[in-house]
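Student: Here is a sequence together with a model predicted from it:
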Amino acid sequence: MQIHIQSINPDFFTPASSEVWSKNFELHANSSYLIQAVSGSGKSSFFNFLYGLNNRYSGTILFENKSISTFSESDWTNIRKQQISIVFQGLRLFPELTAFENIQLKNGLTNHKSKPDILEMMSRLDIAQLADKKAETLSYGQQQRVAIIRALCQPFELLLLDEPFSHIDNNQINNAIALINQEVTQNNATLVIASLGDTYNINYTKTFLL
Ligand SMILES: Nc1ncnc2c1ncn2[C@@H]1O[C@H](COP(=O)(O)OP(=O)(O)OP(=O)(O)O)[C@@H](O)[C@H]1O
């Protein structure tokens with residue numbers, strides 16, 4: 001998906017000058033981007049704009065040359081099912097559901113992956129043994145890995161990851177990055193990762209300071 005960002009600025013706070021706010025740039029397929037932000041500079045807001053959860057900004061965001069401000073709620077429902085996947089900073093898992101149920105709930109919308117595929121992904125991130133545990137009983141780093149796999153269990157052209165590895169050790173970060181890269185490549189997708197400073201072992205097309 002071709003994404004054009006044209007001079008956007010949030011309506012609800014005045015950001016400091018950055019390489020995102022008030023700037024024109026494009027995000028391309030088969031490319032990875034890092035948004036390096038200081039806390040409170042608006043990276044979650046930027047992701048919410050791209051995911052259609054917040055439209056309180058000036059400027060224009062175009063997907064395939066169409067302004068996303070024209071999309072209806074049902075357009076966004078389809079886009080979130082087929083084209084954009086996200087890991088929120090706060091994860092948004094269902095605490096009462098098991099790790100596997102959290103993943104399958106999303107996967108079931110498109111039957112993107114089989115149960116053995118999901119269990120293999122969980123095994124790669126060393127959480128297969130937690131499949132039947134309620135999400136609320138998992139550590140935050142384990143929950144982050146559940147949320148990452150859940151995000152990979154749907155078709156996507158744009159994958160948004162908001163501080164996805166903040167509670168994960170380096171070894172597991174590398175396993176997660178290998179899995180994410182594999183899925184991004186298979187989908188010919190655009191990857192956008194936000195971090196507070198870490199750069200991770202990813203070959204970025206461009207890094208933006210926010
Ligand atoms: N709904 C809202 N109404 C008013 N102000 C908001 C709203 N959401 C965020 N803000 C403000 O916008 C600024 C950026 O918030 P945002 O959550 O996007 O930052 P962030 O860079 O993701 O921060 P952090 O890394 O600390 O989570 C903050 O000053 C915040 O108080």
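Tutor: Looks like it arrived, so ask away.

Student: can you count the residues close to the nearest residue to H167 once chain neighbours are set aside?
Tutor: Distances taken as CB to CB, 6 or more residues apart in numbering place G141 nearest to H167, at 3.9 Å, with adjacent residues excluded. Yep, even glycine has a C-beta here, placed from its N, CA and C like the rest. By the criterion of other CB atoms under 10 Å, G141 has 15 neighbours.

Student: Quick check: Q182 is in a helix.
Tutor: Yes - counting by DSSP: H, G, I helix; E, B strand; the rest coil, Q182 is found in a helix.

Student: The residue nearest to the spatial centre of the chain: helix or strand, and which one exactly?
Tutor: The chain has L160 as the residue nearest its centroid, 2.3 Å off, counting by CA atoms, centre = their mean. Assigned by DSSP states H and E, L160 falls within strand 158-162.

Student: can you list contacts of that strand?
Tutor: 1, 3, 27, 43-44, 47, 50-51, 83-89, 148, 151-152, 180, 183-184, 187, 189-194 (CB atoms under 8 Å, 6 or more residues apart in numbering).

Student: Which of the residues you listed fall in strands?
Tutor: I3, L27, I84, S85, I86, V87, T190, L191, V192, I193, A194 (DSSP state E).

Student: Report pLDDT for N201.
Tutor: For N201, the model assigns a pLDDT of 88.

Student: who's in contact with the closest residue to Y200 other than its chain neighbours?
Tutor: Leaving aside its sequence neighbours, Y200 sits nearest to I177 (CB to CB, 6+ apart; 6.1 Å). By CB under 8 Å, 6+ apart, the contact set of I177 is Y200, N201, I202.
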